[in-house]
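Enquirer: Sequence and computational prediction follow.
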Amino acid sequence: VKKADFVPYVDGDGFAGLKDLVSGKVYLPLVGRCTASDGSTPKAVCVAADATGDDANAGTVRSPLKTLATALLLTPCGTVCLKDGTYQLASPLFVAEDNATARAIEGLSGDASKVVIRSAANARCFVSRKQNGLSGAEYRNLTLVGNGGVGSTGAILYVENGTVENCVFEQGECAQNTTWSLMGGGAVYAKDSTLRRCIFRNNKATGEVPLGSAAYVEGSSAVESCLFEGNVCDGPAARACTAYVSSGEVRFRNCTFVKNRVLTGADDSTAGIRYDTSEGSVVNTVFCGNEHNMGASLKHSAIKDSGYLVKTSCASEYAINVNDRKIDATAFADWENGDYSPSATSRLISRGNAYLGESVTPSEYGTDLLGNPRFVGKCIDIGAYEWQGADPLPPGFSVIIR
C-alpha cells in the first residue's frame, strides 16, 4: 500500500490547502466567501512562525508568509491559515471590520494547542467590531494567550457578529481602571456571536465590578460545549462572576464550569453565570467545585439571575431546579488531573435535554469539546463532554452473564 503523500495545493481562487497524491482529494480551509472592495475574489494565505516564513513569499503552504498583520491585508474577505508555531503580536489586530482585511483566522492543522498567539503587553489579540453591516469574523483552532491587564472589555478577543470555534483562551485579564464602569470579560467579549467548543482557563477580571472573569456575552449569542476552568474574579463589589450576560437572549448549552473562583462577599455574585436579563437559557450545563467567598453557600457556585431565566437539565452540587442532578467530583473521569469528561457511572450521562427535538437525528447535534459525536446513547449528556460508551445501568441493576 502506497503511503499518502500530501503536497501544498492552491485552487483557482488562490485558496491554499493540501492535496493527497494517492486519493487526489483536496483539503481547503472553510471560508465564508464574499466580494472584496476591489471586486477581486477572496483568497487564503498561509503563515508560518518558523524560519520558513517570509513576508516576501507567495503565501502558500510551501512558501508561507511570516507575520499575521501582513497576511490580514493581503487577503481581503478571505482566510489566514496559520501553520503550527507561536506567534507574538506587536499590537492588537483588527479582523473583518471592513473589506480590506481577512475575514477568518484559523490553525491549519486543526489542533488548537499547536497554534499559539500571544498578545502584546497589556493589549488584546484581536478586535472584530460590526461596522457598516460587516464583521462576521471567524476564529478557529487557535490558542490565544493574554499578557498583562487590559483596561477594556474583552481582554483577549472582542468580537461582534462572529464565530469562535475550537479555541483556547488563557491568562487574559480585564483590569478595570474606572470606578463602577461596566467592564469585564477576562478573555472574551462577544455580541451576537457563537462560541463553540472553546476552553477558558486561568483568566481574570479585577476592579470594582468585575463582570465575567472569562466571558462577557450579550445580544443574540450562543455558548456551546465550552469549558470554563480556573478563572478568577477579584473585586470587592457586586455582580462578580465567571460568565456575565448583560442583555439580549444568550444561550448556554452543554457547558462545564469547574474550579472557578470569586473573591468577593457580595451576595448577588456567583462563581458560575450571572444574567442581568430575563431572556436566554442555560441547558445541559454542569457546575462543580466553583468557590465563592460566601463559603459553604453552594447557591453561589452556579447561576444568579432574575428568576425568569430558562434553566433545564443542569447539574451542580447545589440544586438549581427541583429536578436537576446533584453531583460531586465523582461525576468526572479524573477530577484531580483535569479530565472533566463523565466517569463510567456518572449522573451526567444521557441525563440532558434533547433541545433540538425528538425528530432530530443524533448527528445534527454536532460534536462535543473533544470533537466526539454528540447524543450517544439514550439522550444527550450534561456538560461539554459526551460519554462514548454504553449508558451506565441504573443503581441496583447488574448484568449476569451465564
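Expert: Received it, and whenever you're ready, just let me know what you need.
Enquirer: nearest residue to Asn122 other than its sequence neighbours?
Expert: Nearest non-adjacent residue to Asn122, counting by CB to CB, 6 or more residues apart in numbering: Gly148, 4.2 Å away. Heads up, the C-betas are built off the backbone N, CA and C, glycines and all.
Enquirer: same question, Ala69
Expert: Counting by CB to CB, 6+ apart, Ala69 lies nearest to Leu93, which is 6.1 Å off, once chain neighbours are set aside.
Enquirer: The one you found pairs with what?
Expert: Phe126 (DSSP bridges).
Enquirer: ok, and the closest non-adjacent residue to Pro373?
Expert: Pro373's closest residue in space is Thr367 (CB to CB, 6+ apart), at 6.2 Å.
Enquirer: Contact partners for the one you found?
Expert: Arg197, Ser225, Pro373, Arg374 (CB atoms under 8 Å, 6 or more residues apart in numbering).
Enquirer: For the last one, the count of nearby residues, please.
Expert: Just to be clear, that refers to Arg374. The number of residues packed near Arg374 is 20, by other CB atoms under 10 Å.
Enquirer: So the nearest residue in space to it that is not next to it in sequence versus Leu144, what's the distance?
Expert: Spatial nearest neighbour of Arg374, chain neighbours left out: Tyr365 (3.6 Å); criterion: CB to CB, 6+ apart. Per CB to CB, to the nearest Å, Tyr365 is found 27 Å from Leu144.
Enquirer: Please say which of these two ends up with more neighbours.
Expert: Between Tyr365 and Leu144, Leu144 has the larger neighbour count (other CB under 10 Å), namely 27 against 22.
Enquirer: I'd say that one and Leu157 touch.
Expert: Yes: assessed by CB atoms under 8 Å, Leu144 is found in contact with Leu157 at 6.3 Å.
Enquirer: list residues touching both of those two?
Expert: With CB under 8 Å, 6+ apart as the test, Leu144 and Leu157 both reach Cys125, Phe126, Phe169, Ala187.
Enquirer: neighbours around the second one, how many?
Expert: Using other CB under 10 Å, Phe126 has 26 neighbouring residues.
Enquirer: now the third one
Expert: A total of 31 residues lie near Phe169 under the criterion other CB under 10 Å.
Enquirer: Name the SS class of it, please.
Expert: strand (DSSP: H, G, I helix; E, B strand; the rest coil).
Enquirer: and the shared contacts of Leu144 and Leu157 as a markdown table, adding pLDDT and distance to Asp391?
Expert: Converted to a markdown table, the shared contacts of Leu144 and Leu157 look like this (pLDDT from 0 to 100; distance: CB to CB, whole Å):
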| residue | pLDDT | distance to Asp391 |
| --- | --- | --- |
| Cys125 | 97 | 41 |
| Phe126 | 97 | 41 |
| Phe169 | 98 | 33 |
| Ala187 | 98 | 34 |
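Enquirer: Just the closest of those residues to Pro76, please.
Expert: Nearest to Pro76 among the shared contacts of Leu144 and Leu157, counting by CB to CB, is Phe126 at 16.8 Å.
Enquirer: Show me the shaky parts of the stretch 101-250 of the chain.
Expert: Applying pLDDT under 70 to the stretch 101-250 of the chain picks out residues 132-135, 178-181, 237-238.
Enquirer: show me what contacts Phe257?
Expert: By CB under 8 Å, 6+ apart, the contact set of Phe257 is Phe228, Thr242, Ala243, Ala271, Gly272, Ile273, Thr285, Val286, Phe287, Cys288, Asn290, Ala302.
Enquirer: Helices - which of those land there?
Expert: Among the contacts of Phe257, no member falls in helices (criterion: DSSP state H).
Enquirer: Show me which pair in those residues is furthest apart.
Expert: Most distant of these, by CB to CB, are Ala243 and Cys288, 15.2 Å apart.
Enquirer: for the stretch 151-300 of the chain, what spans make up the helices?
Expert: Counting by DSSP state H, counting those that start in this stretch, the stretch 151-300 of the chain has no helices at all.
Enquirer: sorry, back to before: mind picking the lowest-pLDDT entry from the contacts of Phe257?
Expert: The member of the contacts of Phe257 with the lowest pLDDT is Ala302, and it reads 87.
Enquirer: Would you confirm that that residue contacts Val286?
Expert: No: using CB under 8 Å, Ala302 is not in contact with Val286, being 9.3 Å away.
Enquirer: So between those two, which is more surrounded?
Expert: Legend: neighbour count by other CB under 10 Å for Ala302 and Val286, higher for Val286 (30 against 26).
Enquirer: for that one, what are its contacts?
Expert: Contacts of Val286 by CB under 8 Å, 6+ apart are Cys255, Thr256, Phe257, Val258, Cys314, Ala315, Ser316, Ile327, Ala331, Leu348, Ile382, Gly383.
Enquirer: Make CSV from those and add distance to Lys83 and pLDDT to it.
Expert: Formatted as CSV, the contacts of Val286 follow (distance: CB to CB, whole Å; pLDDT from 0 to 100):
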residue, distance to Lys83, pLDDT
Cys255, 30, 97
Thr256, 30, 98
Phe257, 33, 97
Val258, 32, 97
Cys314, 40, 92
Ala315, 40, 92
Ser316, 41, 91
Ile327, 41, 91
Ala331, 38, 95
Leu348, 37, 94
Ile382, 37, 95
Gly383, 33, 97
